[in-house]
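>>> Structure for this input, please:
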Amino acid sequence: MTVSLHKFAPGFFPGTGDVTDVGLGKGRYYSVNVPLQDGIQNERYYQICEAVLKEVYAAFRPEAVVLQLGADTIAGDPMCSFNLTPEGIGKCLKYVLQWQLPTLVLGGGGYHLANTARCWTYLTAVILGKTLHSEIPDHEFFTEYGPDYVLEITPSCRPDRNEPQRIQEVLNSVKGHLKHVI
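Numbers count the residues shown, from 1 in each chain. Here you go, the predicted structure:
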């Protein structure tokens with residue numbers, strides 16, 4: 001079973017990942033795509049993530065999880081246009097970890113290097129159950145973390161283009177597809 005929450009828009013690479021892309025052959029209905037638009041923020045992203053993963057967990061009953069967390073979802077990333085913070089992604093990570101299954105967590109994406117480091121540092125702390133200090137410690141690349149030099153990332157004022165009606169349609173489609181999982 002593969003689940004992907006991702007940006008999906010005409011002309012955006014790779015051009016696949018519509019909610020109707022559910023897999024082929026023996027893998028049919030074992031691919032869950034959750035296409036999202038620009039500007040999504042922490043709370044709505046978490047609500048969607050939890051709703052989808054709850055349905056997937058009930059239908060598929062995983063014995064292990066491989067979780068790839070793309071830092072290109074973070075506010076300010078030049079390759080994507082979501083408006084998440086590490087705390088938002090961390091909340092999704094905590095949801096999966098509470099399943100208490102063997103879990104492999106992988107990084108991915110992230111084209112604003114300082115924010116990618118912030119994100120993966122925060123997520124590593126979540127995995128370890130640690131709370132980190134806000135201040136970035138002095139090191140060779142310290143100047144890359146300016147002007148605030150803190151772990152937190154502030155969302156931009158980018159508008160959320162994910163219309164509630166469309167999100168509900170996607171969630172209903174996902175739920176309908178999962179009825180076919182044996």
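>>> just checking, what packs against the lengthiest helix in the chain?
Counting residues, the longest helix found in the chain (DSSP state H) is helix 42-60. The contact analysis (3 or more C-beta pairs under 8 Å, 6 or more residues apart in numbering; DSSP states H and E) places helix 42-60 against strand 2-7, strand 31-36, helix 86-97, helix 164-178. Every residue, glycine included, has its C-beta placed from N, CA and C.
>>> and those, which is most packed in?
Greatest average neighbour count among the helices and strands packed on helix 42-60 goes to strand 31-36 (a mean of 22), per mean count of other C-beta atoms under 10 Å.
>>> Quick one: mean pLDDT over it.
Mean per-residue pLDDT for strand 31-36: 97.
>>> could you give the angle of that strand to helix 164-178?
Put simply, strand 31-36 runs at 180 degrees to helix 164-178, going by axes from the mean of the first three to the mean of the last three C-alpha atoms, to 10 degrees.
>>> Strand 31-36: partners in the sheet, and parallel or antiparallel?
Neighbouring strands of strand 31-36 in its sheet, by DSSP bridges, are strand 2-7 (parallel).
>>> now the partner strand and helix 42-60, what's the angle there?
160 degrees.
>>> Would you mind measuring the gap between the ends of stretch 157-167?
From its first residue to its last, stretch 157-167 covers 21 Å (C-alpha to C-alpha, to the nearest Å).
>>> can you check stretch 62-74 too?
28 Å.
>>> where's the closest residue to residue 85 other than its chain neighbours relative to residue 47, distance?
Spatially, and ignoring its direct neighbours in sequence, residue 85 is nearest to residue 153 (4.9 Å; C-beta to C-beta, 6 or more residues apart in numbering). To residue 47, residue 153 is 20 Å away according to C-beta to C-beta, to the nearest Å.
>>> Stretch 10-28: which residues count as buried?
Neighbour counts over stretch 10-28 (16 or more other C-beta atoms under 10 Å) mark 17, 19, 22 as buried.
>>> no wait, stretch 43-53
For stretch 43-53, burial by neighbour count (16+ other C-beta under 10 Å) applies to 44, 45, 46, 48, 49, 51, 52, 53.
>>> I'd like the average pLDDT over it.
Averaging pLDDT along stretch 43-53 gives 98.
>>> who touches that stretch?
With contact meaning C-beta atoms under 8 Å, 6 or more residues apart in numbering, stretch 43-53 is reached by 3, 5, 32, 34, 36, 73, 82, 84, 88, 91-92, 95-96, 160, 162, 167, 170-171, 174.
>>> got the CA positions of that stretch in PDB?
Extracted in PDB, the C-alpha atoms of stretch 43-53 (Å, rounded to 0.1, in the frame of the first residue of the first chain):
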ATOM      1  CA  GLU A  43      -4.100  22.200  10.600                       C
ATOM      2  CA  ARG A  44      -5.900  21.300   7.300                       C
ATOM      3  CA  TYR A  45      -3.000  19.100   6.200                       C
ATOM      4  CA  TYR A  46      -3.100  17.200   9.400                       C
ATOM      5  CA  GLN A  47      -6.900  16.800   9.200                       C
ATOM      6  CA  ILE A  48      -6.500  15.300   5.700                       C
ATOM      7  CA  CYS A  49      -3.500  13.100   6.700                       C
ATOM      8  CA  GLU A  50      -5.300  11.700   9.700                       C
ATOM      9  CA  ALA A  51      -8.500  11.100   7.900                       C
ATOM     10  CA  VAL A  52      -6.700   9.200   5.000                       C
ATOM     11  CA  LEU A  53      -4.400   7.300   7.200                       C
END
